[in-house]
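Novice: Coordinates for the following, if possible.
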Amino acid sequence: MKHEQPRTKKSASFRRKALLTILVMLIALGGFGVWYILQPPKIDAPPVMNEPDDENDSEELDLDAPSISQAGSKERKENFYTFLLVGTNDDYNTDTIMLGSVDTDKDIVNVVSIPRDTMVDVDIKIKKINNAYGRKGIDELRKQVYGVTGVYPDYYCLVNMDQFIEVVDIVDGVDFYVPYNMYHEDANLKYNINLSEGWQHLDGKKAIQLVRFRGTSASDYGRMEVQRDFLKALAKKLVDEFTISQASDIITVISESIDTNMPVKDMIWFYINVARTIDFENAITFDTMPGTTTGRYNGQDYVYLDPQSTLEYINEKINPYTTDIALEELNIIHLQDR
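Specialist: Sure, this is the predicted structure:
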C-alpha cells in the first residue's frame with residue numbers, strides 16, 4: 001500500500017506564498033478596475049473624411065469645404081469634451097439635435113439646439129440637417145454638425161421613441177411641470193398627445209408625448225425648450241434619488257438601450273465627476289443657435305444659420321480647442337427663393 005509523503009514545512013510555505021501572490025494579484029486587478037473607471041476619458045482623433053466613402057459619394061464631395069481631418073490636428077483643451085444628443089421618431093429624420101460641451105475642470109455644461117430644418121451643404125434636393133442620419137448614418141450627421149459649427153462631436157447618443165420610453169421607465173418616471181395643455185390627435189394612435197398643464201409624474205409614454213409636442217406658436221423652438229428642461233430634470237433625478245452604486249447599475253442598463261459610442265466606464269466617470277458635483281441651476285446652459293432666420297427654397301422651409309453669430313457662440317461655449325475656430329472653417333450656406 002502506497003503512503004502519501006508527509007507535507008514538509010517548505011512545501012506548506014511555498015503554497016502560502018503562492019496563495020498570497022494570487023490574492024495580491026486579484027486585489028491589484030480589482031484596484032486597476034476602479035482606477036480604470038476613475039480615469040478621465042481619452043478622446044480619439046476625428047476620422048479623416050476628405051475622400052468620398054464610395055463611388056456614389058464622389059459627386060457630393062465639396063473639395064472646398066473644410067476637412068474633418070483639420071479638427072484632428074488641433075490642440076485640445078484639457079478635460080474638455082463635446083457630445084451630440086440626437087432623437088428620432090422614425091429612425092430616419094432626427095427631430096432633436098443638440099450639440100454640447102463639458103468642461104470637467106470648471107464643472108460647466110453648455111448645450112445648443114440645432115434646428116432640424118437647418119440648411120446644410122449637400123448635393124441633394126432636400127438640404128436639411130435632419131435627414132443626414134437617415135441617408136448615411138450617425139457619422140454623416142456628425143460630419144454635417146462639424147460643417148456648420150467647426151466641432152466634430154467626441155461622443156454621440158442617438159435615441160428613438162421606444163428607447164426614450166424605456167430610459168424614462170428605467171428610472172421610474174420623472175416629476176415634471178407640464179408648461180401648458182398639450183393635445184394632438186393623430187391618425188396613428190401611437191402619436192396621440194394628451195397632457196394637461198401642471199405638475200405630473202411622467203412615465204415613459206407620457207414623457208415622449210411631452211418632448212414631441214409642437215402645437216404652440218413657438219413650434220420647434222418651444223419644443224426644444226421643453227426637451228431641454230425635461231433632460232435636466234431626468235439627470236437631476238438620477239443624482240438626487242439614487243446612490244452611486246444604484247446609478248451605475250442604471251447607467252449600465254441604459255447603455256444597452258441606446259445607440260452611443262460612449263463606453264459605460266466613461267458614462268460612470270461623467271456621472272461621478274460631473275453630474276454629482278455640478279450646480280444644476282447655474283452651471284448648465286441650454287440655448288438655441290443665435291441669429292437664425294427662416295425662408296423657403298425649392299418648395300421646402302429652411303432655417304438658416306448666421307455664420308458670424310454661430311461662430312461667436314461656438315467659440316464662447318462649445319469650442320474644444322485651445323485656439324478659436326475661424327470663419328473660413330465653417331461651411332454654412334443660404335439658398336433662398338427670391
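Novice: Pretty sure residue 116 sits against residue 132.
Specialist: No - contact between residue 116 and residue 132 fails when scored by C-beta atoms under 8 Å: they sit 10.4 Å apart. To be clear about C-beta, it is placed using only N, CA and C from the backbone, and glycine gets the same treatment.
Novice: isn't there a helix covering residue 222?
Specialist: Yes - assessed by DSSP: H, G, I helix; E, B strand; the rest coil, residue 222 belongs to a helix.
Novice: still on that earlier bit, looking at residue 116 and residue 132, which has the bigger crowd around it?
Specialist: residue 132 (23 against 19; other C-beta atoms under 10 Å).
Novice: residues shared between the contacts of residue 116 and residue 132?
Specialist: Residues touching both residue 116 and residue 132 comprise residue 94, with contact defined as C-beta atoms under 8 Å, 6 or more residues apart in numbering.
Novice: Just the element for residue 267, please.
Specialist: helix 264-270 (DSSP states H and E).
Novice: how about the following helix or strand past that helix as PDB, C-alpha atoms only?
Specialist: Next along the chain after helix 264-270, taking DSSP H and E as the criterion, comes strand 284-288. These are the backbone C-alpha positions of strand 284-288, laid out as PDB (Å, rounded to 0.1, in the frame of the first residue of the first chain):
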ATOM      1  CA  ILE A 284     -25.800  74.100 -17.100                       C
ATOM      2  CA  THR A 285     -27.000  76.300 -20.000                       C
ATOM      3  CA  PHE A 286     -29.300  75.400 -22.900                       C
ATOM      4  CA  ASP A 287     -29.500  77.600 -25.900                       C
ATOM      5  CA  THR A 288     -30.800  77.600 -29.500                       C
END
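Novice: Would you map the strands across the stretch 1-150 of the chain?
Specialist: Assigned by DSSP state E, counting those that start in this stretch, the stretch 1-150 of the chain shows strands spanning 80-88, 94-103, 108-113.
Novice: closest to residue 266 out of the ones you listed?
Specialist: strand 80-88 (8.9 Å; C-beta to C-beta).
Novice: elements contacting that closest one?
Specialist: In terms of contacts (3 or more C-beta pairs under 8 Å, 6 or more residues apart in numbering; DSSP states H and E), strand 80-88 is packed against strand 94-103, helix 138-149, strand 155-160.
Novice: With mean pLDDT added, can I get those in a markdown table?
Specialist: As requested, the helices and strands packed on strand 80-88 are arranged in a markdown table below (pLDDT from 0 to 100):
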| stretch | mean pLDDT |
| --- | --- |
| strand 94-103 | 95 |
| helix 138-149 | 96 |
| strand 155-160 | 94 |
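Novice: Go through the strands of the stretch 1-150 of the chain and name the closest to residue 170.
Specialist: strand 80-88 (16.7 Å).
Novice: could you dump the helices and strands packed on strand 80-88 to a markdown table with mean neighbour count and distance to residue 334?
Specialist: Formatted as a markdown table, those follow (neighbours: other C-beta atoms under 10 Å; distance: least, C-beta to C-beta, whole Å):
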| stretch | mean neighbour count | distance to residue 334 |
| --- | --- | --- |
| strand 94-103 | 23 | 19 |
| helix 138-149 | 23 | 12 |
| strand 155-160 | 20 | 27 |
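Novice: looking at those, which is closest to residue 195?
Specialist: Minimum separation from residue 195 across the helices and strands packed on strand 80-88 (C-beta to C-beta) falls at strand 94-103, 17.8 Å.
Novice: for this structure, which spans come out with low pLDDT?
Specialist: Residues of the chain meeting the criterion pLDDT under 70: 1-38, 47-72, 216-220.
Novice: out of the strands of the stretch 1-150 of the chain, nearest to residue 154?
Specialist: The minimum distance between residue 154 and the strands of the stretch 1-150 of the chain falls on strand 80-88, with 4.9 Å, by C-beta to C-beta.
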